[in-house]
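K.L.:
sequence isn't available, so here's the structure alone:
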């Protein structure tokens with residue numbers, strides 16, 4: 001594959017809160033990427049820590065597929081390019097750290113009364129028919145309160161991208177992205193009056209909305225980059241502008 005991008009648009013969900021604040025910790029985990037889009041709405045059971053911290057867990061999973069018209073240079077060849085030849089897709093949001101590592105500046109996400117801008121460090125691993133994008137680390141940018149949570153933040157993330165042939169039409173190919181996110185937080189004192197299940201429901205909706213808006217944009221950028229590459233453009237210039 002010849003591109004990597006993880007820029008999520010802004011989304012917002014709210015729930016009543018009180019006035020105090022306590023450190024927040026997030027954990028993203030992508031698992032079982034072969035599941036269907038319908039499973040993305042599954043909400044995991046409530047888990048509350050036996051320690052003094054009350055914990056909530058969010059989960060979202062989504063699969064996005066798009067049909068790609070096969071050009072003179074096949075999609076499978078594009079997907080087999082070494083990571084060092086990948087385009088970053090969107091220079092406003094993505095920067096290359098080394099041959100297979102990228103830093104991604106995600107769009108601002110509103111969670112309850114706080115705005116958070118995650119900055120992701122991801123590694124791209126080559127696979128026979130595509131690649132796997134894996135989260136290495138994540139930090140928050142935002143208000144001092146938000147930034148103060150970075151030492152408590154634990155994250156993991158996975159996105160498998162692959163291509164497959166259309167048996168009924170050799171001129172068409174399928175490009176698929178399968179993504180899962182899991183988030184675990186120490187519930188801030190501000191939200192202790194809110195039932196953990198309600199916090200988990202809100203968090204899962206935020207993640208689901210992010211995936212619904214992020215993946216189609218990501219897939220469209222991949223197709224544009226493939227079209228440029230297949231037409232003979234070897235510049236590997238980013239196709240995005242940082243905007244939704």
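P.N.:
Perfect, thanks for sending it. Bear in mind the structure is a predicted one, so any value in this text is a computation, not a measurement.
K.L.:
look up how far residue 67 lies from the residue of the chain positioned farthest from its centre.
P.N.:
In the chain, the greatest distance from the average C-alpha position (Cα atoms, centre = their mean) is reached by residue 168, at 31.7 Å. Counting by Cβ to Cβ, to the nearest Å, the gap from residue 168 to residue 67 is 11 Å. For glycine as for every other residue, the C-beta is placed from the backbone atoms N, C-alpha and C.
K.L.:
residue contacts, residue 82?
P.N.:
Residues near residue 82 by Cβ atoms under 8 Å, 6 or more residues apart in numbering: 99, 126.
K.L.:
okay, it: pLDDT?
P.N.:
Listed pLDDT for residue 82 reads 90.
K.L.:
with residue 204 instead?
P.N.:
Reported pLDDT for residue 204: 87.
K.L.:
does it fall in a helix, a strand, or a coil region?
P.N.:
Under DSSP: H, G, I helix; E, B strand; the rest coil, residue 204 falls in the helix class.
K.L.:
can you tell me the closest non-neighbouring residue to it?
P.N.:
Among residues not flanking residue 204 along the chain, residue 58 sits closest, at 4.7 Å (Cβ to Cβ, 6 or more residues apart in numbering).
K.L.:
quick one: strands adjacent to whichever strand or helix holds the one you found?
P.N.:
Assessed by DSSP states H and E, residue 58 sits inside strand 55-69. Using DSSP bridges, strand 55-69 pairs in its sheet with strand 172-186 (antiparallel).
K.L.:
how far does stretch 66-80 stretch from start to finish?
P.N.:
By Cα to Cα, to the nearest Å, the extent of stretch 66-80 from end to end equals 18 Å.
K.L.:
ok, now how distant is the closest residue to residue 161 other than its chain neighbours from residue 76?
P.N.:
Excluding the flanking residues, the one nearest residue 161 by Cβ to Cβ, 6+ apart is residue 130, at 4.6 Å. Look at residue 130 and residue 76: by Cβ to Cβ, they are 9 Å apart.
K.L.:
do residue 160 as well
P.N.:
As defined by Cβ to Cβ, residue 160 lies at a distance of 16 Å from residue 76.
K.L.:
do the same with residue 145
P.N.:
Residue 145 is 48 Å from residue 76, by Cβ to Cβ.
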